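In: predicted model and sequence below, questions to follow.
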Number of protein chains: 2
Amino acid sequence: MKSPRISQRANDMPPSPIRKLVPFADAAKKKGIKIYHLNIGQPDIPTPPEFMDAIRNYSEEVLAYGHSKGSQQYLSGLAEYYRKKGIQVEEKDIQVTTGGSEAIIFAMICTAAVGDEIIVFEPFYTNYNGFAMMADVKLVPVTLQAESGFHLPQKERIEEKITSRTRGILICSPNNPTGTLYTREEMEMIARISQEHDLFVLSDEVYREFVYEGEHTSIMHVQGISDRAIILDSVSKRYSACGARIGCMVSKNQEVIGAALRMGQARLCSPSIEQAGAASALEIGEDYFEAMAAEYKRRRDTVCEELEKIPGAMCLKPSGAFYVMAKLPVKDIEDFSQWMLTDFNLDGETTMIAPGPGFYATPGKGQDEARIAYVLNVDDLKKAMRIIGRGIETYNSRR
Amino acid sequence: MKSPRISQRANDMPPSPIRKLVPFADAAKKKGIKIYHLNIGQPDIPTPPEFMDAIRNYSEEVLAYGHSKGSQQYLSGLAEYYRKKGIQVEEKDIQVTTGGSEAIIFAMICTAAVGDEIIVFEPFYTNYNGFAMMADVKLVPVTLQAESGFHLPQKERIEEKITSRTRGILICSPNNPTGTLYTREEMEMIARISQEHDLFVLSDEVYREFVYEGEHTSIMHVQGISDRAIILDSVSKRYSACGARIGCMVSKNQEVIGAALRMGQARLCSPSIEQAGAASALEIGEDYFEAMAAEYKRRRDTVCEELEKIPGAMCLKPSGAFYVMAKLPVKDIEDFSQWMLTDFNLDGETTMIAPGPGFYATPGKGQDEARIAYVLNVDDLKKAMRIIGRGIETYNSRR
């Protein structure tokens, strides 16, 4: 008798394009090759002591279930954090989630029925694909151009993607993977579209503090759409605490937050101890973020300088997050990225990057693009980028 | 202009029947009334030092993303744990999840397409409803009877629920909410049905260590269905670590585990620090579990003795977990449970229970039943149960 088949949707669930090269990296490491990881947004910045001390000092005798909505202490701290950022919310407007990931899934289920559509701008954070598959939502991509710095197109270009099944627009600013910071005008355009076509706006703002030029505009800074705006957020990057799995969903629309709470009740609670860490981290002052932003700005400048030295490479300097989506002079970036791990090294070192196609929903897009996460110190970044340059040279002269 | 509407599925998402009385409990507490919480499966047993020390001693500088499949250390420890339990698995057969909750959602998505059916035995763990809603799966209930100790019915009674859309059978032993431990024969019957009708078996075994009479039979102890069996598991009850949010999914079917990993990649990883705690807890010896089981057995006996003293109440002594599903002599258990919080107290104390209907999918069932979680010490349990007895007396003589 044959084994039972898994469901089609499970079968269709995409592997993470960021992580699928991992076996090749592991094999390279086994051969003694050092790998510079520019493929994943894992910052090297130490998790602040405010966060870790709260975890180490967690003194409850029983590691018990917490409130499904989030711990009282964390919710009240979060509301204050948002108000300081000019986002006028109260505790009742917030649902704590297990990572930003869960916030995105909750928001998709809240806003869209099975088969409904959500508009995204590609390239986009590749895991949106996986979340959409799990929530049975269709992502409808609007393609952005490297040449215009991955900024939003004209309103009509977005509106032409709207159908009777469209329920929302998912944006991310500063953007992963492009680093683009949307202007206030762009955010206002999105807001206007959402009003005119009765849509929700799902706004992924996990890189809010990572801005090097200009001002961050939250979707909740825009007037008149408080019943349509949903902020998706996470502590992962903000406090270099990716392994904590603490995020949240914020909305003035109580139907949305109510449904999110009911989903939260099903999964009981987010990790208790990490909520204590995250709550304590809210006390971290602005100087921490200023120093961090200054450090990432140096790194961004390093990556862009080094990219300029690679003949045929292109990248407009992004204003935020810690990624660049670079055009590289190779025909098949998937093959090149794998080759860098399997066949290339420079004095025993190589660099791992995230191939572009995984960040697009449209087949065939991003074949000469790669996401570079500048999460290493300046010296390592320089080496890692020079390895890419030499790799391209060698790769293209092979035949 | 009107606010945008949330999706029908979000609207239909049920509130937790276990948690929905919380506002009334909070109000009672504000009036100074002490509440005995028999409504939620939150053990009072201290989380073992092995677990908490690993958390307090977590020494990584950066709280980084872990592997999507689970930490190497934890996976290898888990595989050994299962082998000691007579469940022959390797690391590759395990996917670490964020609580048992995520394991259930992953398993539902893996086995069933949108609208497909999974058979459950009611009363069942109420949050299965929420997970099914999120996964867009239809739960088809087979009703069990208090009079037969909530054991499984004859094979034909189960088979008559199978349709062309049925993809799996979801079982839980020892059971939440009934405490029933399924016999080897019952497990073998489920296995036979799964083979004959080409179904998966989703086996929730989070109470494996909580057995007071008889032997626990895992679905993976049954021969011949290793390609259909999926164990859903959690550390929450085992190590009194409900707030940790660490669980796992176990299957020899690599398609299932592969799809679970891809879903795991989308949400990146389970909490890193708690995995260290859970890995360390695997070193806890059998004496810990024996002492815990002995304590819970005393508590079970206390609850059952006290129930016998309530005229018209009924409960067959369950063999495992830490719940009893008791029949109580009231017409509307929802109303009674709420009334216990809003209108009743005995010397400033009252008891909170979980109303039966929330554990049934069939409307109208469980109206005179309540789940009682015996998670308090024997003295408190006695008091809590006597309060229920006096409450019923007062409630039924009101008019």
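Out: In hand now; what should we look at?
In: going forward, measure contacts between C-alpha atoms and count neighbours the same way
Out: OK.
In: show me the contacts for residue A:12.
Out: By CA atoms under 8 Å, 6 or more residues apart in numbering or on different chains, the contact set of residue A:12 is residue A:133.
In: what does it show for phi and psi?
Out: The main-chain torsion angles of residue A:12 are listed as degrees, to the nearest 10 and equal phi -80, psi -10.
In: any idea how far residue A:295 is from residue A:210?
Out: Using CA to CA, to the nearest Å, one gets 10 Å for the distance from residue A:295 to residue A:210.
In: helices of the stretch 251-399 of chain A, start to end?
Out: Ranges of helices within the stretch 251-399 of chain A are A:254-266, A:272-281, A:286-308, A:333-342, A:378-396, based on DSSP state H, counting those that start in this stretch.
In: near chain B, which residues of the stretch 201-350 of chain A are found?
Out: Where the stretch 201-350 of chain A comes near chain B, counting by CA under 8 Å from any CA of the partner chain, the residues are A:227-228, A:240-245, A:255-256, A:259-260, A:262-263, A:265-267, A:269-273.
In: and with 10 Å instead?
Out: Taking CA under 10 Å from any CA of the partner chain as the test, the list of the stretch 201-350 of chain A residues beside chain B reads A:225-228, A:236-237, A:239-246, A:253, A:255-256, A:258-274.
In: in the stretch 201-350 of chain A, which residue sits nearest chain B?
Out: With CA to the nearest CA, the shortest gap between the stretch 201-350 of chain A and chain B falls at residue A:243, namely 4.4 Å.
In: so that residue makes contact with residue A:274?
Out: Yes: distance between residue A:243 and residue A:274: 9.4 Å, which falls inside the contact criterion (CA atoms under 10 Å).
In: overlap in contacts, these two.
Out: B:271, B:273-274 (CA atoms under 10 Å, 6 or more residues apart in numbering or on different chains).
In: care to break chain A down by domain?
Out: What automatic domain parsing lists as the domains of chain A is A:8-46+A:287-396, A:49-281.
In: return the most buried member of the ones you listed.
Out: Relative to the other members of those, domain A:49-281 carries the highest mean neighbour count by mean count of other CA atoms under 10 Å in any protein chain shown, namely a mean of 22.
In: could you give the separation of that domain from the chain centroid?
Out: Domain A:49-281 has its average C-alpha position 10 Å from the chain's average C-alpha position, going by CA atoms, centre = their mean, to the nearest Å.
In: start and end of it, how far apart?
Out: This stretch, domain A:49-281, spans 8 Å end to end (CA to CA).
In: one more: stretch A:220-240?
Out: Using CA to CA, first and last residues of stretch A:220-240 are 24 Å apart.
In: next: stretch A:127-146.
Out: Taking CA to CA as the measure, stretch A:127-146 stretches 21 Å from start to finish.
In: let me see the mean pLDDT of it.
Out: For stretch A:127-146, mean pLDDT rounds to 95.
In: can you name the next helix or strand after the helix or strand hosting residue A:27?
Out: Residue A:27 is located in helix A:22-30, with elements delineated by DSSP states H and E. The first helix or strand that comes after helix A:22-30 along the chain, using DSSP H and E, is strand A:34-37.
In: which SS class is the residue nearest the centre of chain A?
Out: Of all residues in chain A, the one closest to the mean position by CA atoms, centre = their mean is residue A:176, 4.7 Å from it. Following DSSP: H, G, I helix; E, B strand; the rest coil, we place residue A:176 in the coil state.
In: what's the closest non-adjacent residue to it?
Out: The shortest distance from residue A:176 to any residue other than its chain neighbours is 5.5 Å, reached at residue A:125 (CA to CA, 6 or more residues apart in numbering or on different chains).
In: same question, residue A:46
Out: Here the nearest residue to residue A:46 in space, its sequence neighbours aside, is residue B:62; by CA to CA, 6+ apart that works out to 4.7 Å.
In: cool, and residue A:198?
Out: Using CA to CA, 6+ apart, the nearest residue to residue A:198 is residue B:4, at 6.1 Å.
In: give me the neighbour count for the one you found.
Out: By the measure other CA atoms under 10 Å in any protein chain shown, the count of residues near residue B:4 is 20.
In: got the contact list for it?
Out: A:111, A:167-168, A:194-195, A:197-200, A:227-228, A:253, A:255-256.
In: please apply the same query to residue A:120.
Out: Residue A:120 sits next to A:128, A:138-143, A:158, A:161, A:168-172, A:202, A:360-361 when contact means CA under 10 Å, 6+ apart.
In: ok, which of the helices of the stretch 251-399 of chain A comes nearest residue B:388?
Out: Distance to residue B:388, taken as CA to CA, is lowest for helix A:254-266 among the helices of the stretch 251-399 of chain A, at 26.0 Å.
In: for that closest one, packing partners?
Out: Helices and strands in packing contact with helix A:254-266 are listed as strand A:94-97, helix A:99-111, strand A:229-234, strand A:247-250, helix B:8-12, helix B:127-135; criterion 3 or more CA pairs under 10 Å, 6 or more residues apart in numbering or on different chains; DSSP states H and E.
In: okay if I get these as JSON lines plus distance to residue B:217?
Out: Formatted as JSON lines, these follow (distance: least, CA to CA, whole Å):
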{"stretch": "strand A:94-97", "distance to residue B:217": "35"}
{"stretch": "helix A:99-111", "distance to residue B:217": "34"}
{"stretch": "strand A:229-234", "distance to residue B:217": "41"}
{"stretch": "strand A:247-250", "distance to residue B:217": "38"}
{"stretch": "helix B:8-12", "distance to residue B:217": "36"}
{"stretch": "helix B:127-135", "distance to residue B:217": "22"}
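In: for residue A:382, which of the ones you listed is the nearest?
Out: The closest approach between residue A:382 and any of those, judged by CA to CA, belongs to strand A:229-234 at 29.2 Å.
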